[in-house]
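Trainee: Sequence first, then the predicted structure, then my questions.
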Amino acid sequence: MVEYDTENVFAKVLRGELPSHKVYEDDSTIAIMDIMPRIDGHVLVIPKAPSRNIFDISVDDMTAVMATVQKIAHALKTAFGADGITIQQFNEGAGGQVVFHTHVHVLPRHEGVKLRPHTGELADQDTLKEHAEKIRGVIGQA
């Protein structure tokens, strides 16, 4: 098994070494805006405990992540008037994983609106801030 990289981008976010637009936090998880969103409102749910992916995350941490995913899905549906929600989780490079800290993508979807391609282009920070505020308003976290 490959060792967990403590210098991955999400580990740095969790330590406060990189900024993020947080929409939710509890004892076990955080939810932040994706800085390269595939659609407006794209949120990432991340466990606070280190794990690379589904293969080494504890059952308790995965349970906490999925509870937060459900909370965020409800909030996105309301905040963005979404018709549905896409939930994605990738494992290892062959499975599409790019950042090797367990995370789940939660994306609000609207009929007939396709996801933007993953270009690596960073989103406008003011837009991300507005989206985060909108989601927090629904969740009730300041």
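Mentor: Thanks, I have it.
Trainee: Please make it C-alpha for all contacts and neighbour counts, starting now.
Mentor: Fine.
Trainee: so how far is the longest helix seen in the chain from its chain's centroid?
Mentor: Longest helix in the chain, counting residues (DSSP state H): helix 59-79. Computed by C-alpha atoms, centre = their mean, to the nearest Å, the separation of helix 59-79 from the middle of its chain amounts to 10 Å.
Trainee: tell me which strands and helices it is in contact with?
Mentor: strand 29-33, strand 43-47, strand 84-88, strand 104-109, helix 125-139 (3 or more C-alpha pairs under 8 Å, 6 or more residues apart in numbering; DSSP states H and E).
Trainee: how about a cut-off of 7 Å?
Mentor: Helices and strands touching helix 59-79, as assessed by 3 or more C-alpha pairs under 7 Å, 6 or more residues apart in numbering; DSSP states H and E, comprise strand 43-47, strand 104-109, helix 125-139.
Trainee: Tell me which of those is the most buried.
Mentor: Compared across these, strand 43-47 shows the largest average neighbour count, a mean of 28 (mean count of other C-alpha atoms under 10 Å).
Trainee: what packs against that strand?
Mentor: Strand 43-47 sits against strand 29-33, helix 59-79, strand 104-109, with contacts defined as 3+ C-alpha pairs under 7 Å, 6+ apart.
Trainee: Quick one, which of the ones you listed gets closest to Glu7.
Mentor: strand 29-33 (17.7 Å; C-alpha to C-alpha).
Trainee: Please name the strands paired to the closest one in the sheet, noting orientation.
Mentor: Strand 29-33 has the following strand partners under DSSP bridges: strand 22-25 (antiparallel), strand 43-47 (antiparallel).
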